[in-house]
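dropping the sequence and predicted coords here.
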Amino acid sequence: MSASNEALIEFVRGWGFSGLADAMAAADASGALTPLGMFMDADWVVKSVMLGLIVASVLAWAVWAGKLVQIAAASARLGRDYRRLAAHGRLGAELARRGAVARMQDAAEAEMAASDGLPNDGIKARTAADLSRIEAGAARAMQGGIMVIGSIGSTAPFIGLFGTVWGIMNAFVGISESGSTNLAVVAPGIAEALMATAIGLIAAIPAVLFYNHLTRVIGGYRARLADAVSLVERTLSRDLDRRAMRPSAQIVAAEIVALAAE
């Protein structure tokens, strides 16, 4: 057993994967042309490429699953708050404090309070700018990590190809040193090299599918955010119209009281 393989096996065992470490040791001792055996017999550069691609593949799966949970929770909160605000009919609805709709409602209420006595058109314009910023921030939060998956999907095949080229180069060096072109001699090295490309494809294909899937899901979430912005703007406009009507109603009430007194 080479020193690098022994160190790798001990590293895996140190992380608590004793079964995998035993399998790696057995594959290294047998020299069989199994995937694990070819990995253990590969050059350290090819082995590093394979390990990097395996880690990248696990990362792509983890990011995809995590983003699905995050987007599902945000979408559920967004839909729930949207229905609550629509049913309430005016600003001041009881909403989830961490939700995007709650931040939009707070921004609209703060602007309306700060602009008391100012023209309604200016209030709407300033609120629209705040809502646009909140919408962009919420969408950007959902996009975090997506580029990692996209990068894995676009680069993994080339990284695997690099490992294959390096492995085949070493195989040809071995042929020149041994002076034998027997297929039984050169086949193991070529097989190890080709396995790097296979692992690259295994990492890249799901990553590309995950990237496209998350892009569609985030697109739907952005559409729901746009609907929420429209709802808050309509609700704000309605509240501003109500506020504008109050002085007129008070004047009419005062005139009615005066006429009744006469």
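Thanks, I have it.

tell me where the model's unsure across the stretch 151-262 of the chain.
Counting by pLDDT under 70, the stretch 151-262 of the chain has low-confidence residues at 178-186, 246-262.

quick one: residue 103 and residue 83, what's the gap?
Residue 103 is 17 Å from residue 83, where distance means C-beta to C-beta, to the nearest Å. (Glycine included, C-beta is placed from N, CA and C.)

between those two, which one's more packed in?
residue 103 (20 against 13; other C-beta atoms under 10 Å).

surely residue 36 meets residue 25?
No: using C-beta atoms under 8 Å, residue 36 is not in contact with residue 25; the gap is 10.2 Å.

these two - which one has more neighbours?
Using other C-beta under 10 Å as the criterion, residue 36 and residue 25 rank with residue 25 on top: 18 against 15.

leaving out the residues flanking it, which one is nearest to that one?
residue 9 (5.4 Å; C-beta to C-beta, 6 or more residues apart in numbering).

just how off-centre is whichever strand or helix holds residue 137 within its chain?
If you go by DSSP states H and E, residue 137 is part of helix 120-143. In terms of C-alpha atoms, centre = their mean, to the nearest Å, the gap separating the centre of helix 120-143 from the centre of its chain is 22 Å.

what does stretch 195-202 give?
24 Å.

got the angle between the host helix or strand of residue 101 and helix 120-143?
Assigning secondary structure by DSSP H and E places residue 101 in helix 100-114. Counting by axes from the mean of the first three to the mean of the last three C-alpha atoms, to 10 degrees, helix 100-114 lies at 150 degrees to helix 120-143.

now do the buried residues in helix 100-114.
Neighbour-count burial for helix 100-114, counted by 16 or more other C-beta atoms under 10 Å, picks out 100, 101, 102, 103, 104, 105, 107, 108, 109, 111, 112.
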